[in-house]
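*Asks:* need coordinates for the following:
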Amino acid sequence: MKEIIIKDKQKYLAEHYPFVGIPKLTDKRQCIHCDNIFTVGNYKVFKDKNGDEFICCPNAPNCDGMVIDWFELE
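*Replies:* Next comes the predicted model:
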């Protein structure tokens, strides 16, 4: 997979976030794969050979966590 640089990350989330309740770029999340706590705005996007794009953990490619693997902090 190849990393894509996103210039307007909030707009990208608004258009591609797969769940209800789009987070703000300043919100905090924790990845269940690497246990990292991060700011949503640091997410990365990768495109596979079929052209599908995936919102990934900021630690990617070292972490294989995607947006489904993030949870809100209490």
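*Asks:* in a strand, Asp13, correct?
*Replies:* Small correction: residue 13 is Leu, not Asp. No - per DSSP: H, G, I helix; E, B strand; the rest coil, Leu13 lies outside any strand segment and is helix.
*Asks:* how close does it sit to Val45?
*Replies:* 10 Å (C-beta to C-beta, to the nearest Å). Every residue, glycine included, has its C-beta placed from N, CA and C.
*Asks:* what's the overlap in contacts for those two?
*Replies:* Taking C-beta atoms under 8 Å, 6 or more residues apart in numbering as the criterion, Leu13 and Val45 both touch Ile55.
*Asks:* show me where the chain has its helices.
*Replies:* Remark: helices assigned in the chain by DSSP state H are 9-16.
*Asks:* other SSEs contacting the helix or strand bottoming out on mean pLDDT in the chain?
*Replies:* Across the helices and strands of the chain, mean pLDDT, DSSP states H and E gives its lowest value to strand 70-72, namely a mean of 93. Judged by 3 or more C-beta pairs under 8 Å, 6 or more residues apart in numbering; DSSP states H and E, strand 70-72 is in contact with strand 28-31.
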